[in-house]
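Peer 1: Give me coordinates for this.
(one chain, ligands or ions: 1)
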Amino acid sequence: MPGPYREQELANISEELNQLSIRRQQINDRRNVLGLLIEFRQNTGRNEQQYSQLNSEMQELDKELEVLSERKIQLLAEQERLRRTTRLIDTSVSSGVIFVETPPSFPAPQVILDVQLLPRNPAQTQCPFCRQFVTTEVTTTTGSVAYLVCLISIVFGCVAGCCLIPFCVDAFRDVVHKCPKCRSKIHTCKKL
Ligand SMILES: [Zn+2]
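Peer 2: Numbers count the residues shown, from 1 in each chain. Coordinates of the predicted model:
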């Protein structure tokens with residue numbers, strides 16, 4: 001199904017749903033009034049003809065309400081179906097040529113649910129704090145490995161401050177995964 005057509009159809013459906021809920025409201029209002037009138041007639045016990053008229057109008061309204069409910073269920077189902085339809089097959093309206101969208105050649109990004117298994121680069125996961133699916137933001141911090149390498153360089157007679165290099169090399173630093181939505185620290189990948 002072509003994209004623009006489906007957009008149009010979705011718009012039509014929501015418009016009809018709108019109209020439907022307005023009509024339902026009207027019917028419900030009318031039913032309330034009718035209910036009061038019927039009750040009044042019953043209490044006074046006069047004017048049989050008007051009473052049956054009111055009753056039959058009530059029944060008609062009930063019937064219409066039922067039809068509207070069914071239509072609403074239909075529309076919602078159709079809406080759901082349209083939204084779910086993937087755009088695998090998209091036809092070009094202007095040229096009449098059928099384009100078939102090929103599925104992406106790269107594998108879909110994997111969502112890593114166990115935060116302990118997060119790699120050292122940004123990854124998709126479910127934030128344990130806000131429960132949202134996010135791609136983590138990573139920053140690095142100085143971890144114990146950097147200090148260790150620094151210490152080793154000093155022991156081996158490193159001079160002129162090159163023992164500080166480990167603090168600048170990302171490979172020696174810890175990686176902190178943060179949630180971009182709630183800014184919580186999700187996990188720290190330690191080198192040790
Ligand atoms: Zn979060």
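Peer 1: Report the separation between residue 169 and residue 145.
Peer 2: 10 Å (Cβ to Cβ, to the nearest Å). For the C-beta atoms, the positions are set from N, CA and C on the backbone; glycine is no exception.
Peer 1: which of the two has more neighbours?
Peer 2: In this view residue 169 and residue 145 are compared by other Cβ atoms under 10 Å, and residue 145 has more residues nearby, 17 against 12.
Peer 1: looking at this, that one is in a strand?
Peer 2: No - Residue 145 is assigned helix when assessed by DSSP: H, G, I helix; E, B strand; the rest coil, not a strand.
Peer 1: tell me the contacts of it?
Peer 2: 166, 172-174, 190-192 (Cβ atoms under 8 Å, 6 or more residues apart in numbering).
Peer 1: filter the residues you listed to the buried ones?
Peer 2: Buried members of these, counted by 16 or more other Cβ atoms under 10 Å: 166, 172-174.
Peer 1: related to what we said a few turns ago, from the contacts of residue 145, which two are the most distant?
Peer 2: Across those, the longest distance by Cβ to Cβ is 14.6 Å; it joins 166 and 190.
Peer 1: Domain ranges for the protein, per the record?
Peer 2: 3-100, 111-189 (automatic domain parsing).
Peer 1: Show the end-to-end separation of the shortest one, please.
Peer 2: Think domain 111-189. 17 Å (Cα to Cα, to the nearest Å).
Peer 1: Residue numbers of this protein in contact with the ion?
Peer 2: 127, 129-130, 179, 181-182 (Cβ under 5 Å from the ion).
Peer 1: wait, which of the residues you listed is closest to residue 112?
Peer 2: Nearest to residue 112 out of the residues of the chain next to the ion is residue 127 (Cβ to Cβ; 11.8 Å).
Peer 1: quick one on the thing from earlier: can you tell me which of the domains of the chain has the worst average pLDDT?
Peer 2: Least confident of those, judged by mean pLDDT, is domain 3-100 with a mean of 81.
Peer 1: taking the domains of the chain together, which one is wrapped up most tightly?
Peer 2: domain 111-189 (a mean of 15; mean count of other Cβ atoms under 10 Å).
Peer 1: Show me where this structure has its helices.
Peer 2: Secondary structure of the chain, counting by DSSP state H: helices at 3-44, 48-84, 144-155.
Peer 1: Pull the distance from the shortest one to the chain's centre.
Peer 2: The chain centroid and the centroid of helix 144-155 are separated by 47 Å, computed with Cα atoms, centre = their mean, to the nearest Å.
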